[in-house]
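K.L.:
Quick one, structure for this:
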Amino acid sequence: MKKTGYKISPDGRFYAYRDPVEGIMNLFIKEIEGKEPVQMTFSKERDINRFYWGNKKHLIYLLDNDGDENYKIYRVNIDSKKVVCLTDFEKKVRVSIIDFFNSSLPSFLPTVVML
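P.N.:
A predicted model of the protein is given here:
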């Protein structure tokens, strides 16, 4: 597996991408000006397949924790690396981001469907 899924941050200072760690795809960011990459997620069992920049300080990603395709949406702060689950619903709820509005607002506005 190789690095994949490159996305530029809204302020143009970073790019994010997926890279395998011990065979599991995790998220990394790197400053455009050449500093070392920083690992943002530390998933050990499931790949992170879809991610977005929520704003210039947060990455948003989907993760299937139990292998049952009931994804949850998470946010990670690129400064603190603090992860917050945004859709911590009952086990039988599946979420997906179907649209992503991103503007100069200081937050993100995902459209979520619960299946």
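K.L.:
number of nearby residues for residue 33?
P.N.:
Residue 33: 7 surrounding residues under other CB atoms under 10 Å. All C-beta spots, glycine's among them, are computed from the backbone N, C-alpha and C.
K.L.:
Work out for me the element it sits within.
P.N.:
Under DSSP states H and E, no helix or strand contains residue 33.
K.L.:
ok, and the closest non-adjacent residue to it?
P.N.:
Nearest-residue entry for residue 33: residue 13, 8.0 Å, with adjacent residues in sequence omitted and distances by CB to CB, 6 or more residues apart in numbering.
K.L.:
got the contact list for the one you found?
P.N.:
By CB atoms under 8 Å, 6 or more residues apart in numbering, the contact set of residue 13 is 31-33, 56.
K.L.:
Quick one, grab the pLDDT at it.
P.N.:
Per-residue confidence (pLDDT) for residue 13: 95.
K.L.:
Kindly report the same for residue 73.
P.N.:
At residue 73, pLDDT is 89.
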